[in-house]
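Participant: Mind looking at a prediction? Sequence and model below.
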Amino acid sequence: MSQIEQAIIESDYPFPPKPTPLNEDEKAQYKARIKQLLIEKDAVLVAHYYTDPEIQALAEETGGYVADSLEMARFGRDHSAKTLIIAGVKFMGETAKILTPNKTVLMPTLEATCSLDLGCPVEEFSAFCDQHPDHTVVVYANTSAAVKARADWVVTSAIALDIVEHLDSEDKPIIWGPDRHLGSYIEKQTGAEMLMWQGACIVHDEFKAKALKDMKAVYPDAAVLVHPESPANIVELADAVGSTSQLIKAAQTLPNKQLIVATDRGIFYKMQQACPDKEMIEAPTAGSGATCKSCAHCPWMAMNGLQAIESALLDATGHEVFVDPELAKQAMIPLDRMLQFAANK
């Protein structure tokens, strides 16, 4: 492992401040203003599963959408609104802009980022790829536009297995980036050998196997649902492994009435909608007595508050997402490969 890759694993990212807490009257006032501004600005609110439940609910109440990063961008592309407000993290706004360059794309805050994005700087990643010019470069959607532009394929967690299996069947050597846990899971499932960039999601990286085993003993009838960005010893304990949308489907189809969920707790909003008769339990992060960094909720996702959404709709300055047209054109190539592959499945 290179010094750069080791440094990425050990990085301690400075976390942003959380939005100022609002009382119920203030929340109601902000929601009313946002609803009016969405109409006035011909805008639609698109939120990720990991944003706070009140933001997801607001998106649904106003004709918007709650989904994973790719479906967010697809919805924005196909919606008639001239302006998209993307409640998520920066790479999601960039992906939306790449797919819909003709629309105005706003974010509640451009400072909302992702440890996978931060842990995969384009210069270092490009140098890593240049050392292996015969390899096909596959990157997870949780990366910057610049990293996507350097890749041959972009994948989401929902389709990564199928695409890597396809590439492996053609005997193509693969570079995978940036999430090492998701990459290791795919490598194990497909048998493909991949050169791995050593990034990690700070939320999923914190789930602890011993604490999860202890929790399973307390809830012996509960099923364990795990996102594959989690460490391998967490995945091994799972009854279902999958992307955010796949975990929501698993929650519906599994017979268990209690579900221990190892992903960002923001997903509970849609999961509870899908199966209101079931109990959702957060998988343990740092274990008893320890101090966790993220406690099963992304600190950057938490920046998507009502005040920030109103601010973006009132004045786009400092909120609008821009992607260099040439860079967007390059990034669209691997994105389009994935979309075409998915369409032909």
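Facilitator: Sure thing, it's come through.
Participant: Where does pLDDT dip in this structure?
Facilitator: The chain contains residues with pLDDT under 70 at 1-15, 286-294.
Participant: That one: strands as residue ranges?
Facilitator: Ranges of strands in the chain, per DSSP state E, are 43-48, 65-67, 83-87, 104-106, 136-140, 153-155, 174-177, 194-196, 223-226, 240-241, 258-262, 279-282.
Participant: Now mean neighbour count and distance to residue 250 too, for these, in TSV please.
Facilitator: In short, each C-beta sits where N, CA and C put it, glycine included. Converted to TSV, the strands of the chain look like this (neighbours: other Cβ atoms under 10 Å; distance: least, Cβ to Cβ, whole Å):
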stretch	mean neighbour count	distance to residue 250
strand 43-48	26	19
strand 65-67	22	17
strand 83-87	28	25
strand 104-106	24	31
strand 136-140	24	21
strand 153-155	26	20
strand 174-177	25	24
strand 194-196	19	25
strand 223-226	24	6
strand 240-241	20	4
strand 258-262	23	9
strand 279-282	16	12
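Participant: wait, which of those strands is closest to residue 77?
Facilitator: strand 83-87 (8.9 Å; Cβ to Cβ).
Participant: Okay, now the sheet partners of that closest one, with direction.
Facilitator: If you go by DSSP bridges, strand 83-87 pairs up with strand 43-48 (parallel), strand 104-106 (parallel).
Participant: Tell me the gap between it and the middle of its chain.
Facilitator: In terms of Cα atoms, centre = their mean, to the nearest Å, the centre of strand 83-87 is found 16 Å from the chain centre.
Participant: what's in contact with that strand?
Facilitator: Here strand 83-87 makes contact (Cβ atoms under 8 Å, 6 or more residues apart in numbering) with 38, 41-48, 51, 55, 59, 72, 76, 92-93, 96, 100, 103-108, 304, 309, 312-313, 321.
Participant: go on, stretch 308-322?
Facilitator: Looking at what lies outside stretch 308-322 - Cβ under 8 Å, 6+ apart - the contacts are 19, 30, 33-34, 37-38, 41, 43, 45, 55, 58, 85-87, 90, 93-94, 96-97, 104-110.
Participant: switch the cut-off to 7 Å
Facilitator: Outside stretch 308-322, the residues that touch it by Cβ atoms under 7 Å, 6 or more residues apart in numbering are 19, 30, 33-34, 37-38, 41, 43, 85, 87, 93-94, 97, 104-110.
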